[in-house]
Every structure is written in C-alpha cells, then in structure tokens.
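Chemist: sequence unknown, structure follows:
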C-alpha cells in the first residue's frame, strides 16, 4: 500500500508539473515578446505616413505605414509572420514594398495585434488576426478606390486567406508559406514551437490552452476557406526545403481550389522563396496582382 501511495503521489506530481510547464509555454507562445521596429520606408527612399486603424469586430488598434504610389493601379496589404512586426524578418519586407511601389501599387504595412506598435496582448495565429487583415483591407479601401490585394507570409499568409473568405473586397491573395489548417498543423508540428516532446505536451496544450485564451484553433482553417476564393486570383508559394511549415500545406490548399496557382521553390526554406530568387519572386507576385479586377 505504501508503495502504491508513493507511486500515486509521484504520478500526480508529474501530471501537475507537465500541466504547469504546458501552461507556461502556452503563455509564452500566445504572448511573445515584441520585436522593435528598427527602420522605416525612408531607408528605401519611399515617402510614407504613419497610420492607425481598428481591427474588425473587436476594434483592436493597429499601427502601420501607408506608402502611396502615383497613379496607383492597386493597393497591396503586407501581412507578417508569427511574433514578427511589419518588417517581417527574414523576409525583406521593405524590399518587397519598394518593388510593389515601383510597379505603381500603394502599399500598407502594418503590425498584427500584440506585435510591433499595435495594441492587444494575445497572439492566436490566425483566429483573431484575420480581423486585423480585414481591418487593414478596409482602411486601404478607404484611402484609395483601387483594388486591394494581400501578400502574407507564414501566419500572415494563412490569415490573408481566412480574411479573404469573409471580405469580398480583398481582390487577390499571395500566400507565402501558409499552413492549411492550424489544428492539423499544430498536432504534427507543435514541438517545433514548444521545444517539448509531442507526448504528453501536445495533447495537454490542446486541452489546456485554447479554453484559457478563449480562442478555438479550428477557427484558423484556411483549407475550408479556399472554396469561397475560387473567383479571385490566389498564388500559393512554398519552399521545398521548408521544415517549419512543409510545402504539403500549400499543396493541400491548391487542391481545394483548382483555380489557385502554386509555385514551389526548389531548395527554399520557410519564407525563403524571395531570398532564393528575388526577381522571380516579384515576377510571380506582380503577375498575380495584375489579375485583380
């Protein structure tokens, strides 16, 4: 009996420790440290304005840069990755913005909630962030009457697809390194982010964290959004050497919408397609946005 009691106490202590560690890591992942903004479009010779606007629904205040183009043919919203700001390292977002501006597109760069200079404290990897993209697209539409497209990376890529499902004013989407469905992705790849073994921590994460933050990861499901985007231009970009969000995610998204284009970049890692061939990257992006009505 004494042995059984000791074993039970030990198992209980381990269970409590695992739950505590899961909650600690979940807190860190959903409340990451902000990355400071170290430069501005002026470094690329771009005239810009500091702007602010609300997210849709909950009106979280968002901060960004508006980069107007003369005789603009469209406006492109740039959407960053998880735990990054509007500069989106390792992607040189300002270089992309400069190329878009040279092609006569207005550019709106902004910080998602809980990042950069925007308000909010909670990161949900798409569940709430789709409201931010919708707010950015609405603001862009108010600044200019030209069509609005979105170019997103990683979390921003998937979030752009989610926002476009709900906002028909988003005329086109370029999604670079998107996940297909957050729940499915996390069940397989959460250890990359937690640095903890899949068992028991991945099941514990799903059991404990979503109810505490009040957001269901199933709400971030770009795969289910693809059918509603069939009438709009969509380009999916993925690197064949991406081990963070494997290219099978983009392939699944493309299979869900036969009208979507997919560009698999040989040897590119996670959001590294631009680095592999900047000229080809911009050719693909500009060709897609040229199809906006």
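Modeler: Sure thing, it's come through. Just so it is clear, the structure is predicted and the values come from calculations on it, not from any experiment. Numbers count the residues shown, from 1 in each chain.
Chemist: Now do the helix or strand in which residue 224 is found: distance to the chain's middle.
Modeler: Per DSSP states H and E: residue 224 is located in helix 222-225. The chain centroid and the centroid of helix 222-225 are separated by 14 Å, computed with CA atoms, centre = their mean, to the nearest Å.
Chemist: got a list of contacts for the helix or strand that contains residue 95?
Modeler: Using DSSP H and E, residue 95 sits within helix 93-102. Outside helix 93-102, the residues that touch it by CB atoms under 8 Å, 6 or more residues apart in numbering are 39, 41, 43-46, 67, 69, 76, 78, 80, 86-87, 107, 109, 151, 274, 278, 282, 285-286, 289. The C-beta positions use only the backbone N, C-alpha and C, and glycine is treated the same way.
Chemist: now it: mean pLDDT?
Modeler: In this model, helix 93-102 has a mean pLDDT of 98.
Chemist: Can you list the buried residues in that helix?
Modeler: For helix 93-102, burial by neighbour count (16 or more other CB atoms under 10 Å) applies to 93-94, 96-101.
Chemist: Switch those over to JSON lines; also include distance to residue 147.
Modeler: Formatted as JSON lines, these follow (distance: CB to CB, whole Å):
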{"residue": "93", "distance to residue 147": "21"}
{"residue": "94", "distance to residue 147": "23"}
{"residue": "96", "distance to residue 147": "18"}
{"residue": "97", "distance to residue 147": "17"}
{"residue": "98", "distance to residue 147": "20"}
{"residue": "99", "distance to residue 147": "18"}
{"residue": "100", "distance to residue 147": "13"}
{"residue": "101", "distance to residue 147": "16"}
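Chemist: related to what we said a few turns ago, beyond the helix holding residue 224, next helix or strand please.
Modeler: Using DSSP H and E, the helix or strand that follows helix 222-225 in sequence is strand 234-239.
Chemist: for the stretch 1-150 of the chain, what are the low-confidence residue spans?
Modeler: Applying pLDDT under 70 to the stretch 1-150 of the chain flags residues 3.
Chemist: Strands of that one, start to end?
Modeler: In the stretch 1-150 of the chain, the strands defined using DSSP state E, counting those that start in this stretch lie at 49-54, 61-67, 74-79, 105-110, 148-153.
Chemist: Just the buried residues of the first one, please?
Modeler: So the one you mean is strand 49-54. Neighbour counts over strand 49-54 (16+ other CB under 10 Å) mark 51, 53-54 as buried.
Chemist: What helices and strands are in contact with that strand?
Modeler: Packing partners of strand 49-54 (3 or more CB pairs under 8 Å, 6 or more residues apart in numbering; DSSP states H and E): strand 61-67, helix 129-143.
Chemist: what's in contact with that strand?
Modeler: Contact with strand 49-54 is made by 60-66, 68, 108, 110, 135-136, 138-139, as judged by CB under 8 Å, 6+ apart.
Chemist: give me that answer again for 6 Å
Modeler: Contact with strand 49-54 is made by 62-64, 66, 135, 139, as judged by CB atoms under 6 Å, 6 or more residues apart in numbering.
Chemist: Kindly report the same for the third one.
Modeler: The contact list for strand 74-79 (CB under 6 Å, 6+ apart) reads 93, 100, 105-109, 133, 136-137, 140, 144, 146-152, 156, 159-160, 292.
Chemist: Can you give the strand pairings for it, parallel or anti for each?
Modeler: Paired strands of strand 74-79, with direction, are strand 105-110 (parallel), strand 148-153 (parallel) (DSSP bridges).
Chemist: Which of the residues in the first one are classified as buried?
Modeler: Read it as strand 105-110. Across strand 105-110, burial judged by 16+ other CB under 10 Å covers 105-110.
Chemist: Now those in CSV, please, with extra columns for distance to residue 205.
Modeler: Compiled in CSV, those are given as follows (distance: CB to CB, whole Å):
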residue, distance to residue 205
105, 40
106, 40
107, 36
108, 34
109, 32
110, 29
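Chemist: Save the buried residues of strand 49-54 as JSON lines, and put in distance to residue 19 too.
Modeler: JSON lines is the format used below for those (distance: CB to CB, whole Å):
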{"residue": "51", "distance to residue 19": "43"}
{"residue": "53", "distance to residue 19": "39"}
{"residue": "54", "distance to residue 19": "36"}
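Chemist: Report the rounded mean pLDDT for stretch 235-251.
Modeler: Averaging pLDDT along stretch 235-251 yields 98.
Chemist: Any idea how far apart the tips of it sit?
Modeler: This stretch, stretch 235-251, spans 11 Å end to end (CA to CA, to the nearest Å).
Chemist: Since that was my last question, I'll sign off now.
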